[in-house]
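Asks: Fold the following.
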Amino acid sequence: MKGQIHQLCKAAFLLAMLWGAFAGHAQTIPLQLPDGYGTLRLGVVCGEKSRWLDKCEIEKDGVHYIIKDELWKGGNVELVLCPLTDAEGFIVKATGNNLPADARLCWAFGACNDKASQRPPLCEINPQTCKDNVFSTEGNAFTVYHGEVMRLRITQGVMPLGSEMRLADAHKQESPLTLYNSGKKTDAPVLSALCPWQEGQPLYLCVHKPGRNADYAHFMLPELFDKLYKD
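Replies: Numbering: from 1, shown residues only. This is a model prediction of the structure:
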């Protein structure tokens, strides 16, 4: 039974990616949770320059993505997306190959709003769906509270160790650094962070709805990813 559920989750995950590709977003990296539970966006910072991965050259093979850009010259970023089985959500394994020595990963999360469930998967975090999102952080993990008071919903995330998290303004997403340095005075709050990225060292990011067994910690993610990806 558990294996059947896992296969159904994988099928739903792949359908979501196809929906994004055929909705006019050919280069969309599908990092959007269903039912308006939030959108994750990834970028790379090299010195004073930065680039969103969804703005780069993307090669896709199933749930495997290779991202190239002139900012990191002959190197590339490798992403593998894997759906969870104990909760609605996913793990991302991000590996930087031959990136500049000062390269850092930038991640941002937000857009938790019921109306987002009616939208196709987007690259950017939609500022219109960030209002009234309330963030709580603890170490490298976060919780987002959203929705109506009597129908409060929750989204959770576990991010790479060393993530320097701060609130930012979703109206200012011209680049990862622009967002990260945008300040928290806004009607469209998102959580943004920079984290160190060593050559060839994979980073793991996990976002999900609450689930009965969905109590994830960072040290669990590599083993969990390997198990799910092989299954």
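Asks: So what sits opposite the most centrally placed residue in the chain in the bridge?
Replies: The residue lying closest to the centre of the chain (Cα atoms, centre = their mean) is Leu40, at 2.9 Å. Beta bridges link Leu40 to Phe109 when assigned by DSSP bridges.
Asks: That one and Asn98: what is the separation?
Replies: Using Cβ to Cβ, to the nearest Å, Leu40 is found at 24 Å from Asn98. From N, CA and C alone the C-beta is placed, and that goes for glycine too.
Asks: just Asn133 next, same as before
Replies: On the measure of Cβ to Cβ, Asn133 and Asn98 end up 36 Å apart.
Asks: For Leu71, which three-state class applies?
Replies: Secondary structure, DSSP: H, G, I helix; E, B strand; the rest coil: Leu71 is helix.
Asks: quick one: pLDDT of the closest residue to it other than its chain neighbours?
Replies: In space, and not counting its chain neighbours, Leu71 is closest to Arg51: 5.0 Å by Cβ to Cβ, 6 or more residues apart in numbering. Note on Arg51: pLDDT of 97.
Asks: All further residue positions should be reported with the first residue as 12.
Replies: OK, 12 is where the count begins now, so the last one is Arg62.
Asks: show me where the chain has helices.
Replies: 13-32, 187-191, 232-241 (DSSP state H).
Asks: where does the protein have low pLDDT?
Replies: 12-38, 125-133, 242 (pLDDT under 70).
Asks: can you give me the strands for it?
Replies: In the chain, the segments counted as strands under DSSP state E are 48-57, 60-63, 68-72, 75-79, 87-94, 100-108, 114-123, 145-149, 152-157, 164-169, 175-180, 200-207, 214-219.
Asks: Packing partners of the last one?
Replies: So the one you mean is strand 214-219. Under the contact criterion of 3 or more Cβ pairs under 8 Å, 6 or more residues apart in numbering; DSSP states H and E, strand 214-219 touches strand 48-57, strand 100-108, strand 114-123, strand 164-169, helix 232-241.
Asks: Likewise for the fourth one?
Replies: Using 3+ Cβ pairs under 8 Å, 6+ apart as the contact criterion, the neighbours of strand 75-79 among helices and strands are strand 68-72, strand 87-94.
Asks: try it again with 10 Å
Replies: For strand 75-79, the packing partners by 3 or more Cβ pairs under 10 Å, 6 or more residues apart in numbering; DSSP states H and E come out as strand 68-72, strand 87-94, strand 100-108.
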